[in-house]
Each structure stands twice: as structure tokens, then as C-alpha cells.
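A.B. asks: I need the structure of the sequence given here:
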Amino acid sequence: MRKIIPTALGIVFPISLVLTGCGGDTTTSGATPPVTVAVTPTTPPPPPPVSGIVDFTTIDVSRLDNYANPVLPAYYDATVAPLDNTPNNNPVSDWVATLGRVLFYDKRLSVNDTTACASCHQQANGFDDPRRFSTGFSGTAFTSAHAMRLGNIKYYRPGTMFWDKRAASLELQVTQPITHPIEMGFDSAHGGINALLTKLAASTYYPDLFTLAFGNAAITEARIQQALAQFARSMISSASRWDTAYAQVFSATAQNRNLNAPLPGFSASEELGHQLFMTGPGQGGAGCAACHQPPTFGLAANSLSNGLDANETVIFKSPSLKNVGLSRAFMHDGRFSTLEQVIEHYNSGIQNGPALDNRLKTPGGAPLRLNLTANEKAALVAFLLTLNDGSLTTDAKFSDPFKK
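C.D. replies: Residues are numbered from 1 along each chain as shown. Predicted coordinates for the structure are as follows:
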């Protein structure tokens, strides 16, 4: 019989083909009429919807930024991996993190289009707020806690969020400011989170972004939480001056992984501060690294109160110390305005209380007094400034994606 061969243009041409029976008989009993087979050309999938994205943002949908597979230094190894609070059901992907970036910078997430996550977590300030308390959507009310830096937020176990650790995960934390009556305003009086979902669904770009991130245009609180959490966890700081210097001396098999080794390029004051930071009080240091653990400089999970107030019972966490030199307010209530004041607190101001961390106590249980010299305190400040990471504060993939 004749077989029909389709071409790339959908035109068919018959050719003759002799079929052999299973018994091996090659004779034919008569002419076989030609058979025409209708071939439907394969239709390529429609291009992804991008019109709204292109109209309002600078995102290049054909070449996404890399969030999922960052290149990290060798010392971000198996000793750091257990600190990662990424849940198994929300690993970072480029499209979902890109959606998170748009959400993070979009003032439409506030009830009156005045306030975004980035209003309080500003990239140039290490994703911190230079003000002690952040201004809410009304412009006249203020938060009661200082905004936290976001760099290396990924590296904190068990992953509880806010200063008082009231949110069990980053996913559960990220939408609470949106529904807060002072911060972004979508509280119950303004329709709650459902009012925001309706608002976003009516936009020209979010249906497209959610489709590209999740496969369909459904906009839900859970998906917003996933996207914002992925974007925030992508903010990894690994390119400070400390990182550059430590990479040259790091050894996985050396004592203390060479964290105490002299660092190339450091001034005498920076190196003194480095040694004080890494060395415990019993060995002549300040013991900072026992709680603020390198290389992420995130807080140790078992850290307790730092003795800000006498008889303190609430245990506050702290953000990573990366880019701490860019902050203008420190502690949960922003009570300190300089790093010098922070160092003096740990030097002479720790107050006793039932929640005070044992690392901040003497063997007899009294609050620790470091008795640092003026030179040593200045050296600790100099070292902390080496943790500033200009790559995180200037990286375009963490910047405002909206067209001006």
C-alpha cells in the first residue's frame, strides 16, 4: 500500500510500501487502494502572557535573574546547610522569587497604595529602615518595633520570625504586615487579605506573573507567602570584606575552620576587632561569635535574652550582622543609634533576668562585664564594618523592578 508522508508544511505525499505478512508470504491478491491519512500539524504552545509584566516592570521574561542557584563560597558547606530554614514545600525557584520581588516593591499591597515591604526594608540600608520606627500607610502612625535587616534571613533555625519570634516561619510572617492596621492597612476594617487578593487580580500584571510562577492565575495568600519568602531567602550576603579575606584562609580541616586566622587586608584595628569577636571571654575576647555565628553571622538558635532590661522575660532574636554598619537603629526597639552604643551595652550594660543567656553571665551568675578598653571597643566597631556587603545592597535582582 502507499504510505502518506507529511511534510513540515502539512502537505502529504503518498509513496508505495509492500507489507509482509506474519507468515512470510509476499504475494498479493490484488491492488491495494491508496489510503490518505489526515495529518494535523503540531501546534506550538502559546507564548506565556507577558503584556502586563512588560508594560509595568523592567523584568526580562526571556532571561530571568538567578535566585535558585546562587554561587556561594566554599565555606557555605555542610556546616551551614543545617541552618537553612527553607521548608521542603517551598524551595526557591526563579519565577516564584521574581514574583516575590514584584510583590516586595509594590505599594499596591497597602490599602491606599502608599507603602510596600521595601518602604521599611530598604536595599541601600541593608534592607533595614534608617528610621527607628517605620511610618505606616497613613503617614501619621508608626510601628512599635524597628524593622529588621533581611540579609541571610535564610540561615536561622528554627526559622521563627519577628523580633519576638511569634511567627513560626517566614511564610507565615510575610503577610502579617499587610494585614496590620498601622503598617499596610488591610485589616478586617478594610476587607482583610481577601480585599488585597481581589485588588491584585484586577491588575494587568499579577495574573500573568502568578501564571508564570504557579501555572495558573489564581492569586491566594499562600502563594503570596511563598513568593515573598522565596525572594527574602534569596538575599544571601557572602561578598563582604570579611568574606573576601576569610575565603583566602578558610580551611575545613583547620582548628575552628581558621576563623581566628589573621585576615589579609585587614588593618590593625580591624584585626584586633576580629580576634575579640571570634575569641571567648575566658580567652581574652568578647565572645561575640558564640551567638552571632560566622560565616552567616546569623543568631545561634539557642540564644536567649541579651539583657537589655532588668528582669526581662521575653527572648528576642536578632537579624544577621551582615550590613550591620548600614543600620541607624539597633535592638528590637531601636534604642541604640550607633554601633558604639551597642558595644557599650555588651561591655558594661547587660541587665540580669530570668531569660538572660548563660553566655552573658559570669560563672557565678552575674551579668558579664567585659571591661574592654576604648581601643578594643573601637576595634570591634571597625570589625563590624567589614561585614558590610555592597553586592547585596546594589544587586539589580534585589532592586525595584517597576518602571519609573
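A.B. asks: could you pull out the helices for the stretch 201-350 of the chain?
C.D. replies: Remark: helices assigned in the stretch 201-350 of the chain by DSSP state H, counting those that start in this stretch are 206-214, 221-233, 241-249, 268-278, 339-344.
A.B. asks: okay, these, which one's buried deepest?
C.D. replies: Of the helices of the stretch 201-350 of the chain, the one with the most neighbours on average (mean count of other Cβ atoms under 10 Å) is helix 221-233, at a mean of 23. All C-beta spots, glycine's among them, are computed from the backbone N, C-alpha and C.
A.B. asks: about what we covered before: redo the helices of the stretch 201-350 of the chain as a markdown table? Include mean pLDDT and distance to Thr86.
C.D. replies: Listed next are these as a markdown table, based on pLDDT from 0 to 100; distance: least, Cβ to Cβ, whole Å:
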| stretch | mean pLDDT | distance to Thr86 |
| --- | --- | --- |
| helix 206-214 | 96 | 17 |
| helix 221-233 | 98 | 6 |
| helix 241-249 | 98 | 21 |
| helix 268-278 | 98 | 28 |
| helix 339-344 | 98 | 30 |
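A.B. asks: Take these and write them to TSV, including distance to Asp65.
C.D. replies: Shown next, in TSV, are the helices of the stretch 201-350 of the chain (distance: least, Cβ to Cβ, whole Å):
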stretch	distance to Asp65
helix 206-214	14
helix 221-233	11
helix 241-249	21
helix 268-278	33
helix 339-344	32
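A.B. asks: Which among these is found nearest to Leu197?
C.D. replies: With Cβ to Cβ as the measure, helix 221-233 is the member of these nearest Leu197 (6.9 Å).
A.B. asks: Could you list the low-pLDDT ranges of the chain?
C.D. replies: Within the chain, the segments meeting pLDDT under 70 span 1-49.
A.B. asks: where exactly do the strands run in it?
C.D. replies: Using DSSP state E, the strands of the chain run over 2-6, 12-16, 292-293, 298-299.
A.B. asks: if we can go back for a sec, quick check: which of the helices of the stretch 201-350 of the chain is nearest to Ala147?
C.D. replies: Of the helices of the stretch 201-350 of the chain, nearest to Ala147 by Cβ to Cβ is helix 221-233, at 12.7 Å.
A.B. asks: what angle separates that closest one from helix 206-214?
C.D. replies: Between helix 221-233 and helix 206-214, the angle comes out at 70 degrees (axes from the mean of the first three to the mean of the last three Cα atoms, to 10 degrees).
A.B. asks: Residues contacting helix 221-233, please?
C.D. replies: Applying Cβ atoms under 8 Å, 6 or more residues apart in numbering, the contact partners of helix 221-233 are 67, 85-86, 90, 92-93, 96-97, 99-101, 103-104, 117, 150, 153-154, 169-172, 174-175, 193, 197, 210, 213-214.
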